[in-house]
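>>> sequence first, then the predicted structure, then my questions.
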Amino acid sequence: MAKFIAKPVKSSLPSPEDVLEVQLSNGITILARSNFNSPAISFGGYLPAGAIFESDEKLGLADFVATSLMRGTQTRTFDAIYNELESVGASLGFDSGVHNTNFGGRALVEDLPLLLELLAESLQTPTFPADEVERLRTQLLTGLALREQDTSDMADLIFEQMLYDVHPYGRPGDGYIETIRSITRKDMKEFHRRHFGPRGMVLAIVGAIHPKKAVEEVERYLGSWQVSGQKEAPPLPPLKPIRKTKKRHHTIKGKAQSDLIVGVIGPTRKSPDFMAASLGNSVLGQFGMMGRIGDVVRERSGLAYYAYSSLHAGTGPGSWEVIAGVNPANVGRALGLIEKELSRFVKSGVTKEELADSQANYVGRLPLSLESNNGVIGAILNIHRYDLGMDYYQRYESLVRSVTRDDVAAVARKYIDLERLVIATAGP
């Protein structure tokens, strides 16, 4: 049996005292926390089998494989898997990203063994039945055809292509029509054989079960999983800096709306800049009616159906973006207002009141975000993924309150350069 690193005790926020962390002998890390306020149990997690392993010719392979895992295993058909889940009101699903294949499930606590059995089967013994693969391929191709007609999706796609260039983050995780067509069952089986395994897998489980018992159940179904030769993920390549402003328009005829994205490279989640950038972003385009951006572009000028800013931070370089959906005739005016507001943000930072409001919002909404099992799962997975320390939420308020106006101004100047913006538009 694996060695226990923490003893579970009752606590209002996830902490080292009530999140049990165990690493099994095969490399799977389990994070378990009890919650006896409901009879349900949820789990979520990931394993390092993402799109970073794909070639340019097979973009979308990781996503195709992840969404095919439950289409049939060595012991169950697609229909049998879903009938068993539906018969007990449970759910289980997979998706993928650049670095990982992700999974999540939910059931009553008495049905946890079934849920873990189906998870283990889907991860270890999928068969990728030909008829199910082709049915799924048709669905994926339909989704990609719809993407080509969606102004928001296409603006986002070309924005990431320009921002990240040849970096893995610049490639669409769902691929292109031609790459999805080119993927074979042999490709899918080979991807699964090479990249699916227990090493690096993390599973968080929260609900009406003692943490030690939860670990025992997971070990029962996944503890014997062994894969020889499981491939290590390649390191992220260095990102080319943006030397000057880039602009690109993607034409979609017949549309009554254009989507606009203006942005820059942002901090990683582990960066010491993250909290100041996040609070600054709240003021810029999130707090209240979408912050300053929403106020200036939408409320005062009436130029946008929506306008806000967004900070995306993860393992590698993130993005700091302003997004707006506008009448095609107003793209130029909206862009001008956004650039003006970004300039003011860089030069003047935030006011004392704006920062205090966002800090109070961050602290006040934390307990609400952790009310559900899934909320706690997301929180402790992020803590583990980004090595924030399991006492992160005990330190959270002080981390938020310690950010100063000077800190926000410094990160704004560091990341937002009005001479090196990436500007993407999609519409007529």
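Looks like it came in fine.
>>> for the rest of this, base every contact and every neighbour count on C-alpha atoms.
Noted.
>>> find the centremost residue of the protein, please.
G97 (7.3 Å; CA atoms, centre = their mean).
>>> what residues are up against that one?
Shown in contact with G97 (CA atoms under 8 Å, 6 or more residues apart in numbering): G50, A51, A62, D63, G173.
>>> most neighbours among these, which one?
A62 (30 neighbours; other CA atoms under 10 Å).
>>> who does the strand or helix carrying it touch, helix- and strand-wise?
According to DSSP states H and E, A62 maps onto helix 61-68. Where contact means 3 or more CA pairs under 8 Å, 6 or more residues apart in numbering; DSSP states H and E, helix 61-68 is packed against strand 91-96, strand 101-108, helix 130-147, helix 185-195.
>>> so which of these is the most packed in?
strand 101-108 (a mean of 21; mean count of other CA atoms under 10 Å).
>>> residues of the very next helix or strand once past that strand that come out buried?
Of the helices and strands lying after strand 101-108 in sequence (DSSP H and E), the nearest is helix 112-124. Buried residues in helix 112-124, counted by 16 or more other CA atoms under 10 Å: L112, L114, L115, L116, E117, L118, L119, A120, E121, S122, L123, Q124.
>>> what angle do helix 112-124 and strand 101-108 make?
If you take axes from the mean of the first three to the mean of the last three CA atoms, to 10 degrees, helix 112-124 sits at 160 degrees to strand 101-108.
>>> return the distance of helix 112-124 from the chain's centre.
Between the centre of helix 112-124 and the centre of its chain there are 23 Å (CA atoms, centre = their mean, to the nearest Å).
>>> and for it, what's in contact with it?
41, 69-70, 72-74, 81, 85, 90, 92, 105-107, 196-197, 217-218, 221-222, 225.
>>> now, of those, which are buried?
Using 16+ other CA under 10 Å as the threshold, 41, 69-70, 72-73, 81, 85, 90, 92, 105-107, 196-197, 217-218, 221-222, 225 are the buried ones among those.
>>> I377 is in what secondary structure piece?
helix 373-385.
>>> what's the next secondary structure element after that helix?
Following helix 373-385 in sequence, per DSSP H and E, is helix 392-401.
>>> any buried residues in that next one, and which?
Y392, Y393, E397, V400.
>>> if we can go back for a sec, the helix holding I377 packs against which elements?
Partner elements for helix 373-385 (3+ CA pairs under 8 Å, 6+ apart): strand 40-47, strand 202-207.
>>> as TSV, the contacts of G97 with distance to D187 and pLDDT would be great.
Putting those into TSV (distance: CA to CA, whole Å; pLDDT from 0 to 100) gives the following:
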residue	distance to D187	pLDDT
G50	14	97
A51	13	97
A62	10	98
D63	12	98
G173	16	95
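>>> out of the residues you listed, flag the one nearest to L370.
Ranked by distance to L370 (CA to CA), these are led by G50 at 27.3 Å.
>>> picking up where we left off before, the residue nearest to the centre of the chain and P328: what is the separation?
32 Å (CA to CA, to the nearest Å).
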